Structures are given as structure tokens and as C-alpha cells.
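Engineer: Sequence and predicted structure below; questions after.
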Amino acid sequence: MNIESLIRTNIRTLKPYHSARQDFLSGILLDANENSFGSSLTVDGLSLNRYPDPYQRELRAVLAKMNSVSVENIFVGVGSDEVIDLLVRVFCEPKRDSVILLEPTYGMYRVAASIQDVQIRSCLLTNKFQIDCDAVKKAIDASTKLIFCCSPNNPTANLLRSEDILALCQLGAMVIVDEAYIDFAQVTSMGKQSLKHPNLVVLRTLSKAWGLAGIRLGYCVADPIVVSFMMKVKAPYNINVLTSRTALQALRNGEEVSRTIDSIVEERKWLSTILSAMSCIEHVFPSDANFILVRCKNATTLYEYLAAKEIIVRNRNTEPLLENCLRITVGTRQENEQLIRAMKEYCA
Ligand SMILES: *Cc1c(COP(=O)(O)O)cnc(C)c1O
């Protein structure tokens, strides 16, 4: 499969900005108009007066090792949100190309495509929240550059069948698998599959299981050609010194993260069981993520009742297939108990 032929013509021939820190990261650095006298604030002995490594070599090496791929297979962004935006900008010609979304799903795919004036073709998931492969085959044509799959899917909470995702890889477009919640599921990442399928891009983030939403770090595992074009289009210094240092430190705490994941999964099970027994809840959908989708009698009334008690959940009532559904993030036992208490009052 020729990935380069899917890339926008103007990006294929783009001459990227050449930044100073691309060539030299040490020495007597008089090349970037930085402040050689130092910075106005010192944090952990970091050289905040210097621009960061535009290639994020150290961080990408660690992420590559974790995913058993090469550095050339890793692209890091300001959250997965930047990665999503860049994928649209690298592959999709405004006004001409299209993307396929498997809805209901994460809202940023639609926003990123709309900003770029890229046509959106929405294929509904099946009533079991799985990929409707026939619908995708009908929707796809030569203008379709990206198919966004989210697994486990936000907000339905379930994993998509990997067989279906791999079947989509045969259709000629890029297949983007967003694995923001994969750490909460009992399966391994599809990241390594991108070595076999160059049109597969797997998105990961430190925002969920790693508990680092505040530092804004996401990445993808992809074919080196895809990574190289994303590198050309990104802002030269997209990942700042504080974020990369924090990420590098956090990535050493894998064991602690595993324990947190176990606790969240345990809490998810406990909360699901209790919710299932409540009279105002009609259905608790199975979850492979750190949140639970429930169908209630009247989602908006319950949502507002909880909000008045400063318990904030997400109302997904207006989305296709999600009539009267709320999405509830699994909290700590104490938070979950408060949620349950309020819901019991409401149900009574
Ligand atoms: C939370 C979430 C992300 C994370 O986005 P970041 O920009 O990395 O914080 C990505 N995809 C989905 C589906 C999400 O729900």
C-alpha cells in the first residue's frame, strides 16, 4: 500500500521550517535568540531559557520501547487532540476529501474535520455498538482519507472488534484507532499492528490511565512515512520542556499506574453492579473503559438533579443510539458513594 499517495499534494512537497534546535542541542548556543542569561524562573534545574528538542528524541525513544516499535514509529503531540488535528491536515484536502466517523463517538474527530472543511460521512455503530462494516463500505470512496475508530469507544465504553478494524484496513483509506482507554480493557494495544499495516495509526494518551491530562501529552504509533509528514506539519517546538520532563519521569512509574488501573477496574465493577439494581436505571452497558454508560428513564432530569448537588456527569441524550443515556466517569469509592446516595434519593 502506497501511503504517500494518500497525503495531500501540498504537504507531500512541503518544505518544512528549519528550526535551530534541530541541528544543535548543546554548545555555545547563539543561534536561536534565546536568553543566554537564564530564565525568570527556575524549575527543577531545567534550562527553560532554551527551546526544546523539536524531535523529542528522548521521550519518543521511551515510548517506542514501551510499545516495542522504533523511534521512527512514534509521533508525540499536545494531547491526542493535536495528533487528530494533524492527521486531518496531513491527509485531507479541504472541500474535496472526506473522513468516516463511526458514531456515536468522540466529538473531536468531527470538530477537527469541520475546522479543515473536510466532508464528514457518519456511519452509525450497530445496536451492539460495533462497526457496521457494510455501512462503511457503502460510505467510502476515493475521497475518503481517514476512518476514525475509537476502541474502547467514548461514550459507549466498549472495545470494537479488532477483526473489524483490520477489515477496514483493506479498504484503502487510513484507519485511525484511538486507544485512549485501552489500559482499562483486558486486551493489548493494536500499536504493533501498524508495522504490518502501514495505513493503521494507533492513538495513545497520558491523559487517562497515566492521570496526566494536565500536561497535554498524546502520541501515535504509525508507519515512519506518516510520522515524517506529521513532523513536517507540526509546530516546531510543540512539546514543551516541562511536559516532556514530567512525562519522562511519570513513564518510570508503570507499576504504580498498573495498580491504579486495577483499582479503577474494581471500582467500575462495583459501581456497575449497584447502578444495575437501581429502579431509575434501565440499562448499564458493559465497560472496557474508566467510565460507564447508563440508560435511564429520563437522562436530562437525572443529569440536572445531580448537577444541582454538584455531582457532574455527562449527558449524552441527544446523540444517535444514546437516547436517555448518561456517561459516568468512575471516581474514587468516596465519590462513587456520593453519586449513589444522590441517585438513590432521586430514584425513590
Ligand atoms: C480523553 C480522550 C482522548 C484524550 O485526549 P488528549 O488530547 O490526549 O487529552 C482522546 N481520545 C478520546 C476518545 C478520549 O476520550
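Structural biologist: Cool, the structure landed.

Engineer: With adjacent residues omitted, what lies nearest to residue 148?
Structural biologist: Across the structure, with Cβ to Cβ, 6 or more residues apart in numbering as the measure, the residue nearest residue 148 apart from its sequence neighbours is residue 109 (4.3 Å). (C-beta placed from N, C-alpha, C; glycine too.)

Engineer: where exactly do the strands run in the stretch 201-348 of the chain?
Structural biologist: 218-221, 281-284, 291-296, 314-315, 325-329 (DSSP state E, counting those that start in this stretch).

Engineer: Out of those, which gets nearest to residue 236?
Structural biologist: Among the strands of the stretch 201-348 of the chain, strand 218-221 comes nearest to residue 236, with 17.4 Å by Cβ to Cβ.

Engineer: and that closest one, which strands flank it?
Structural biologist: strand 74-77 (antiparallel), strand 200-205 (antiparallel) (DSSP bridges).

Engineer: Switch those strands over to JSON lines; also include mean pLDDT and mean neighbour count.
Structural biologist: Conversion of the strands paired with strand 218-221 to JSON lines gives the following (pLDDT from 0 to 100; neighbours: other Cβ atoms under 10 Å):
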{"stretch": "strand 74-77", "mean pLDDT": "98", "mean neighbour count": "26"}
{"stretch": "strand 200-205", "mean pLDDT": "98", "mean neighbour count": "26"}
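
Engineer: Of those strands, give the one that comes closest to the ligand.
Structural biologist: In this view, those are compared for proximity to the ligand by Cβ to the nearest ligand atom, and strand 200-205 is the closest at 3.3 Å.

Engineer: can you list contacts of the closest one?
Structural biologist: Here strand 200-205 makes contact (Cβ atoms under 8 Å, 6 or more residues apart in numbering) with 67, 79-80, 83-84, 87, 165, 169, 174-180, 182, 189-191, 193-194, 217-223, 226.

Engineer: Kindly compare burial across the strands of the stretch 201-348 of the chain and name the winner.
Structural biologist: strand 218-221 (a mean of 26; mean count of other Cβ atoms under 10 Å).

Engineer: how far is it from where the chain is centred?
Structural biologist: Offset of strand 218-221 from its chain centre (Cα atoms, centre = their mean, to the nearest Å): 8 Å.

Engineer: And the average pLDDT for it is what?
Structural biologist: Over the span of strand 218-221, the pLDDT mean works out to 98.

Engineer: returning to that earlier point: heading C-terminal from whichever strand or helix holds the residue nearest to residue 148, find the next helix or strand.
Structural biologist: Residue 109 is part of helix 108-115 when elements are defined by DSSP states H and E. Past helix 108-115, further along toward the C-terminus, the next helix or strand under DSSP H and E is strand 119-124.

Engineer: who does that following strand pair up with?
Structural biologist: Strand 119-124 sits in its sheet next to strand 98-103 (parallel), going by DSSP bridges.

Engineer: Mind listing residues that contact the partner strand?
Structural biologist: 88, 92, 109-110, 113, 118-125, 131-132, 136, 139-141, 143-150, 153, 160, 173, 319-320.

Engineer: Run the contact check for it versus the ligand.
Structural biologist: No. Using Cβ under 6 Å from any ligand atom, we find that strand 98-103 stays clear of the ligand, coming within 11.7 Å at best.

Engineer: what's the spacing between that strand and its chain's center?
Structural biologist: Average the C-alpha atoms of strand 98-103, do the same for its chain, and the two points are 16 Å apart (Cα atoms, centre = their mean).

Engineer: got the angle for that strand vs helix 108-115?
Structural biologist: An angle of 150 degrees separates the directions of strand 98-103 and helix 108-115 when computed by axes from the mean of the first three to the mean of the last three Cα atoms, to 10 degrees.

Engineer: what about strand 98-103, average pLDDT?
Structural biologist: If you average the per-residue pLDDT over strand 98-103, you get 98.

Engineer: Use 52 as the first number from now on
Structural biologist: Got it, the first residue is 52 from now on, which makes the last one we talked about strand 149-154.

Engineer: okay, that strand in PDB with CA atoms only?
Structural biologist: Taking only C-alpha atoms (Å, rounded to 0.1, in the frame of the first residue of the first chain), the coordinates of strand 149-154 have been written out as PDB:
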ATOM      1  CA  SER A 149     -13.800  13.100   3.300                       C
ATOM      2  CA  VAL A 150     -13.500  11.200   6.600                       C
ATOM      3  CA  ILE A 151     -15.700   8.500   8.000                       C
ATOM      4  CA  LEU A 152     -16.800   8.600  11.600                       C
ATOM      5  CA  LEU A 153     -18.300   5.600  13.500                       C
ATOM      6  CA  GLU A 154     -20.900   7.400  15.600                       C
END
